[in-house]
Structures are given as C-alpha cells and as structure tokens.
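In: Here's my sequence, what's the structure:
(chains A and B)
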2 protein chains.
Amino acid sequence: MALDRMIEAIAQKQNPTVAGLDPKLDYIPAFIKERCFEEYGKNLQGAAQALLLFNCGLIDALCDIVPAVKPQCAYYEMYGWAGVKALHDTIAYAHDKGMFVITDGKRNDIGATMTAYAAAHLGDTDVEGVTATAFGSDALTVNGYLGSDGIRPLLSVCKEKDAGIFVLVKTSNPSSGELQDRILQDGSSIYATMGNMCEEWGKELPGRYGYTGVGAVVGATYPAQLGEMRKAAPHTFFLVPGYGAQGGAADDVAPAFDQKGLGAIVNASRGIMCAWQKHGFDEKDFGQAAREEALRMRDAIVSRIGPITL
Amino acid sequence: MALDRMIEAIAQKQNPTVAGLDPKLDYIPAFIKERCFEEYGKNLQGAAQALLLFNCGLIDALCDIVPAVKPQCAYYEMYGWAGVKALHDTIAYAHDKGMFVITDGKRNDIGATMTAYAAAHLGDTDVEGVTATAFGSDALTVNGYLGSDGIRPLLSVCKEKDAGIFVLVKTSNPSSGELQDRILQDGSSIYATMGNMCEEWGKELPGRYGYTGVGAVVGATYPAQLGEMRKAAPHTFFLVPGYGAQGGAADDVAPAFDQKGLGAIVNASRGIMCAWQKHGFDEKDFGQAAREEALRMRDAIVSRIGPITL
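Out: Down below sits the predicted model:
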C-alpha cells in the first residue's frame, strides 16, 4: 500500500513532514524568472518554466531529508496547460529523486468521472491498447461530499498502482467549521462522520503499519480536533496542513501522532518556499534556505513527538 | 452577471439544456482517431487531439440550438497536459461559436488556493504585469465543503469577469445521500444547508432575472429534492446533471423550473455524444446524430415546462 511506502520513508528519514510546492511567481528568485522569460517570453509558458526550475531546485535541496512533496494543482492550473505540464514534470523530477508525491487536487465527482480522475492522477490511461501515464502521482487529496461512489474507483486504482488517497475531514481554513463542525442528529459532527467514512473505506486498503491507504486531511489549526480524530480514526493516516504560515506549531500538530511517532505527515509550503526571502538569503541560495527551514521544522516536530519507529 | 448571459441564451434559444463534453475515446468515430494517431502517434497527444476534433464537431452541430457546453475536467486530465490543452482549446472554440461554457471541475480549497483556481478557470493570470488567460471559462462547478473562505475568492472574480459558479448541493450519484441527506440537529439536511449557503453567497452576485451568480448542482435523479430546493433556494439557478444515461427524464427535471420556465439548465453528456452509436448513424454523421438528440431533449423538456420567458 502506497501509504506504507510513505510511512517507511518518514521513518527512514526520521521526518514526518511534506514540502508543499505551491509556487507563486513572487516566491521565485529573479534570476530564474529572467532566464525563463528570456527563453519563452513573459507569458504562461515562461511562468510555468520558472515554476518547474524553482521546484527542481527545492527538490534537489530537500530530497535527502524530506520524504515527500505535495504540489497543489491550483498553482499550476493558473498557468494553463503549460502550468499543468510543469506539474507533470515536477512529479517526474521528484520521483527521480526518490520522493513520495502527494498531488493536492481535492478532486471529487460521481463514480464514472472519478475513474477518470483516478487514471489521471494515480493510475494509467489506456489509449486503445497503449498504456500511458498522465501524471502518475503516489497519492491524491479528494473531497468525500459525494459519498462512496466517488471514492471506490480510487480504491481500485490504489490497489493496482500501490497508491493512496487523503480525504478532506477537517480543513485548516477559518471557515471550515461552517459545514464541517455542524452536528448531526446522532450527536456526531460532520467532520467526525467523514472520519468514520475514511475508516470504512480504508478497510479495502489495509497497510503494514496499522494505517490504511485511505488517509484524511485534518488541519494543524484545529489541534483539539486533531487529537479527537486521532482517537476516533485510529487506522487513518493524517495529512496535516496549516503548519507555519497558517499558524500551526509543533505543539499543535503533536496530537495527530501516535505513541510510535506515526500517524501524520505535516505540510509546510510558504515557510519552506519563501525561506530565502524571510531569512535574508541571497536569491541563489533559495535551496539552502529551504533546507535549513525544513530541518528546523523536522527538529521542532520530532523533538516534540520523539523518535519515529515502525 | 454571468448567469444572466446564460439565462438570456437559454431564453433566446428556448432551450434550457447544456451539452456535457466528457469525451471518452470509445465515443469518438474511428476516422477522427485514425487521423489523430497518424499525425501525433497513439499516445496522450494523439488522444487529446481526437477529443478536440470530436468536441469541435459537436459544437458545430449544436451551437445554434444549445446555449451552453459543460466540459468535465477529469476526461481531459486523464490525457495529461495534452488533454488539458484540449480542454483549453475546446473552451476557446465554444466561445468562438457563441456558446456559454461551464467548466465542470468541482474545485475546492482554502481561500488563497481558491484565488488561484478562480484565476485559472474564470479570471486572468498576472505574469508580472502581463495579463494572460489560462482557461477563461464562464462558470465553474465547485464543492462548498470548506465553507465561505473557499467560495469568496470566486465571487470577486465572478464580479470582475462576469462569470458564475455552481456549488454542489445534491449530486446525482446513487451514494449522494450518505453524507448529503444526513439530518442536522436543527432538522435540516446537509444538502439543504448547502442550498441555504448558496442563497447567502448569491447575495453578493445579484442578477437581472431573479437568479444570482451562485448556482447549485442538484441531480435529475432526485426529483423530490429538486422540487424542495427550488422552493427553498428561490434565487439559486440549478445545474441539473443525471438526465438520460443516468436515468433522469423530463418529468423528473420539471420540478427544477419556475413558472417562467427558468431556474435550471439540464445537462446530458453520453446521450448526446454517443447518439451516433445508439441510433445507428454512420460515424461521419456524429454531429447530425448529436443535434437530433439535443432537439429531442429540448422538445421533451420544453413541452413539459412550457415556453421560457424572461
């Protein structure tokens, strides 16, 4: 199961974090952008190439200490098909460097259409007998509002391709409670109900380390809910956004982990991508700055949760 | 407001339907695929070009009688960046032919990221002072599980670009009730709660014909809920999937409409795209077959709801 591959990489690197690759042009050093605009023009193609080179530099700087990257689709789609090609090339580059890739697309649809999304992001595409790979990521974030029909096609592909999913349960944004915190007649919250659904779906993708191939997104900005869900969904691995720029700290994410230091992977995007700006590095040293920030994040979390054992 | 543009096109053509462009290779005539595989190879590029040529043929055949098309992102993403380029080119072609375009992406995320999705699909992308358009659709389907933070960035772009959104309320798939039909402590269902949120968000995008720029997705497969939501969300225009292949008929969608024949646009995808196969047309006549099916669908619905008046 793909989350086993991720869990093994977390333990091997003693680092339960993932670097979010949500590159805005503002985050990218001028020397990269100038080179790309010169070659491709100041347009979507030029911008997309700058994203890719920036990502490759970050991956080079992080790949031996950080187990995974999480590119966020929106920041590629905003540069059109050229941006989406940069997403593809980023995934391929991260794979070359041995990293686990979580595509953050929060996809959702009815069954037939989720089959297409599953092929697109995790599986293969059949072109009348010729097998091609569209994006070939290791895991995909999804939204479970449509129920089981929209999840099951992913489970088949996950089985076949050794991939995993993370279902939105309690998101990190300020208004996440408007719907997710509402209480049902049986006394449970909507997010807890979704957490239970993850546990059920996960039964089809059992893993070696106590966690299934169906993970959940639970935000660092809601530590009480993180702890509650860790108990309520003991076989569900958490992808935890909201660390750093959104306000979450090591103490906030600690409740997401079990006694062995497993159970969660914490994402930071801006904190790592913009480290060179925040800490006054020369722009050529953006990779070194990202690496130092990633090490600080790792150390802050691991010193709080202790060593990670399988 | 963009849904006003759509409503005017519906009234002008006396046709409250939208043609879903969810092209699978199996639906595409062999002569198109052969030509594309010959030119580009039997690969993602060749497949993507076949999607585009098929879509263009359908748009040519439908543009004077059908007001809108709805490309579904998953069926393009499964062909990688080349497929996504075919999505872009399909949107551009539909615009050239005067059609309103609803991109069915069901996107959702936290505020900062939704700003990127809004730029990608409805607005413009700023490349350091140069304005470019990534996809430039007229409306986007979205998932409201994250609450207002994930919707408001779209509202700003909708205002600026005369665009609209459709929020998932009650989806057409068999398992939609697993979460959406659950009853909250206040006695309302989750889908009705989401419908109320659409009414609230819509206040920021008022329209000329009684409907706001914030629409809702409500499936033809649940006619009782369609009628309930028509009353409960009187300013929210419905995008109604599930007609035809998924089982919905003209009687089922009738409750979605108001006294003037407004209030809903009904989608059919497979029924129109595969009409040439179903009705035994020569493959070269796939456009004519789609047109005849679209006219049958229009006539079935309009004969049930009566003339459409603004």
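In: Could you give the bridge partners of residue A:132?
Out: Bridge pairing for residue A:132 (DSSP bridges) gives the partners residue A:125.
In: State the distance from it to residue B:51.
Out: Taking C-beta to C-beta, to the nearest Å as the measure, residue A:132 falls 14 Å from residue B:51. Any C-beta I mention is one placed from the backbone N, CA and C, and that applies to glycine too.
In: Next: residue A:166.
Out: Counting by C-beta to C-beta, the gap from residue A:166 to residue B:51 is 29 Å.
In: Please identify which of those two sits among more neighbours.
Out: The residue with more neighbours, out of residue A:166 and residue B:51, is residue B:51; 30 against 27, by other C-beta atoms under 10 Å in any protein chain shown.
In: Regarding the more buried one, which helix or strand does it belong to?
Out: In this assignment (DSSP states H and E), residue B:51 forms part of helix B:44-62.
In: same question for that helix, mean pLDDT?
Out: Taken as a whole, helix B:44-62 has a mean pLDDT of 98.
In: Show me what that helix is packed against.
Out: Judged by 3 or more C-beta pairs under 8 Å, 6 or more residues apart in numbering or on different chains; DSSP states H and E, helix B:44-62 is in contact with strand A:125-127, strand B:17-21, helix B:30-40, strand B:68-71, helix B:74-77, helix B:80-96, helix B:270-273, helix B:286-305.
In: 6 Å instead?
Out: If you count contacts as 3 or more C-beta pairs under 6 Å, 6 or more residues apart in numbering or on different chains; DSSP states H and E, helix B:44-62 packs onto helix B:30-40, helix B:80-96, helix B:286-305.
In: Next, the angle from it to helix B:30-40.
Out: For helix B:44-62 against helix B:30-40, the angle by axes from the mean of the first three to the mean of the last three C-alpha atoms, to 10 degrees is 140 degrees.
In: picking up where we left off before, which among the helices and strands packed on helix B:44-62 is found nearest to residue B:183?
Out: The minimum distance between residue B:183 and these falls on helix B:286-305, with 30.7 Å, by C-beta to C-beta.
In: and that closest one, which residues are buried?
Out: Across helix B:286-305, burial judged by 16 or more other C-beta atoms under 10 Å in any protein chain shown covers B:286-294, B:297-298, B:300-302, B:305.
In: before we move on, what about stretch A:183-193?
Out: In stretch A:183-193, counting by 16+ other C-beta under 10 Å, buried: A:184, A:189, A:190, A:191, A:192, A:193.
In: Most widely separated two among the residues you listed?
Out: Spatially, the most separated pair among those is A:184 and A:191, at 10.8 Å (C-beta to C-beta).
In: who's in contact with residue A:213?
Out: A:1, A:2, A:3, A:158, A:164, A:205 (C-beta atoms under 6 Å, 6 or more residues apart in numbering or on different chains).
In: And residue A:283, by the same measure?
Out: Applying C-beta under 6 Å, 6+ apart to residue A:283 gives the contacts residue A:29.
In: ok, so what distance separates it from residue A:134?
Out: 33 Å.
In: Next up, the contacts around the spatially closest residue to residue A:279 that is not a sequence neighbour.
Out: Closest residue to residue A:279 apart from its sequence neighbours, by C-beta to C-beta, 6 or more residues apart in numbering or on different chains: residue A:289 at 5.7 Å. By C-beta under 6 Å, 6+ apart, the residues touching residue A:289 are A:275, A:276, A:279, A:281.
In: and the stretch 1-150 of chain A, which residues reach chain B?
Out: Within reach of chain B by C-beta under 6 Å from any C-beta of the partner chain, the stretch 1-150 of chain A has these residues: A:42-44, A:47, A:74-75, A:77-78, A:80-81, A:84-85, A:88, A:106, A:108-110, A:113, A:116-117, A:119-120, A:125, A:127, A:130, A:132, A:134, A:143, A:145-149.
In: which of these are buried?
Out: Neighbour counting by 16+ other C-beta under 10 Å classes A:42-44, A:47, A:74-75, A:77-78, A:80-81, A:84-85, A:88, A:106, A:108-110, A:113, A:116-117, A:119-120, A:125, A:127, A:132, A:134, A:143, A:145-149 among the residues of the stretch 1-150 of chain A next to chain B as buried.
In: need the strands for the stretch 101-250 of chain A, in chain order.
Out: Along the stretch 101-250 of chain A, the stretches classed as strands by DSSP state E, counting those that start in this stretch are A:125-127, A:130-132, A:139-142, A:164-170, A:214-218, A:238-240.
In: Switch those strands over to TSV; also include distance to residue A:197 and mean pLDDT.
Out: Shown next, in TSV, are these (distance: least, C-beta to C-beta, whole Å; pLDDT from 0 to 100):
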stretch	distance to residue A:197	mean pLDDT
strand A:125-127	28	98
strand A:130-132	32	98
strand A:139-142	12	98
strand A:164-170	7	98
strand A:214-218	9	98
strand A:238-240	15	98
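In: Go through the ones you listed and name the closest to residue B:93.
Out: Closest among the strands of the stretch 101-250 of chain A, using C-beta to C-beta: strand A:125-127, at 22.4 Å.
In: I would like the residues contacting the closest one, please.
Out: A:119, A:132, A:134, B:42, B:47, B:78.
In: and the residue nearest to residue A:279, what pLDDT?
Out: Here the pLDDT value assigned to residue A:289 is 98.
In: can you check residue A:245 too?
Out: 75.
In: Ok, residue A:193 next?
Out: 98.
In: measure it to chain B for me?
Out: Using C-beta to the nearest C-beta, to the nearest Å, one obtains 7 Å as the distance from residue A:193 to chain B.
In: and the closest residue to that residue other than its chain neighbours, bridged to which residues?
Out: Once flanking residues are discounted, residue A:193 sits nearest to residue A:184: 6.4 Å by C-beta to C-beta, 6+ apart. Beta bridges link residue A:184 to residue B:184, judged by DSSP bridges.
In: Check the contact between residue A:184 and residue B:182; I expect there is one.
Out: Yes: in this structure, residue A:184 is within contact of residue B:182 by C-beta atoms under 6 Å, at 5.2 Å.
In: and stretch A:17-35, which residues are buried?
Out: Neighbour counts over stretch A:17-35 (16+ other C-beta under 10 Å) mark A:17-25, A:27-29, A:32-33 as buried.
In: ok, back up a step: reformat the strands of the stretch 101-250 of chain A as TSV; add distance to residue B:209.
Out: TSV is the format used below for these (distance: least, C-beta to C-beta, whole Å):
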stretch	distance to residue B:209
strand A:125-127	42
strand A:130-132	45
strand A:139-142	35
strand A:164-170	34
strand A:214-218	38
strand A:238-240	43
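In: Centre of chain A to the edge, which residue is at the far end?
Out: Within chain A, residue A:185 marks the point farthest from the mean C-alpha position, 32.8 Å out by C-alpha atoms, centre = their mean.
In: Isn't it up against residue B:184?
Out: No: shown here, residue A:185 and residue B:184 do not form a contact pair, counting by C-beta under 6 Å, at 7.0 Å.
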